[in-house]
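Colleague: here is my input, please return the structure:
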Amino acid sequence: MQINEIKEIIKGVAKLAKTVVYSGNITDEVAKRNISEAKDIMREFVGDNFGDDNLELLEECFDKVPTYVDYSPSKVKYACAYFQPLLNQIYIMDDYLKEKTGTIYMIHTIIHEYAHAIVRESSMNFVIEESFANLFAEMCIN
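Modeller: Sure thing, here's the model as predicted:
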């Protein structure tokens, strides 16, 4: 079985489980700028604190983990964004984008979700991993 076939099967299972119902590329220019700014902040933070080797790993993460908009109305009350580990993708809720929430909060949210992607293969439990994502986002911004 080819990797693309496996990905399509995973996507189908995720859709059946209502993990991702409607999604698409991010077209909102403010969101695109915020994603770019979030990546720049992470690059600067990782480069300054963890060196070039880890900066290369971060760039690999950016290449492997795309960001999309999720149009699912059922999730709006639960989250503004989330990392989907089965698909290795980040989704930002459409209603969250429409609110035009403050730039810092949007950037924090994007960094937080990338932090989930960075540590997804670790053996940390959910509480520790969630705390790491929050700390990483706060440290990058501050």
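Colleague: this protein: helices as residue ranges?
Modeller: 3-16, 29-64, 94-98, 103-119, 126-141 (DSSP state H).
Colleague: what comes into contact with the third one?
Modeller: Read that as helix 94-98. For helix 94-98, contacts defined as CB atoms under 8 Å, 6 or more residues apart in numbering pick out 26, 28, 30, 31, 69, 70, 71, 76, 80, 81, 109. For the C-beta atoms, the positions are set from N, CA and C on the backbone; glycine is no exception.
Colleague: could you identify the buried members of the residues you listed?
Modeller: 26, 31, 69, 70, 71, 80, 81, 109 (16 or more other CB atoms under 10 Å).
Colleague: the third one touches residue 91, doesn't it?
Modeller: The one in question is residue 69. Yes: Residue 69 is within contact range of residue 91, at 6.9 Å (criterion: CB atoms under 8 Å).
Colleague: related to what we said a few turns ago, can you redo the contacts of helix 94-98 as TSV with distance to residue 119?
Modeller: Below are those laid out as TSV (distance: CB to CB, whole Å):
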residue	distance to residue 119
26	23
28	27
30	28
31	24
69	24
70	21
71	27
76	26
80	20
81	16
109	17
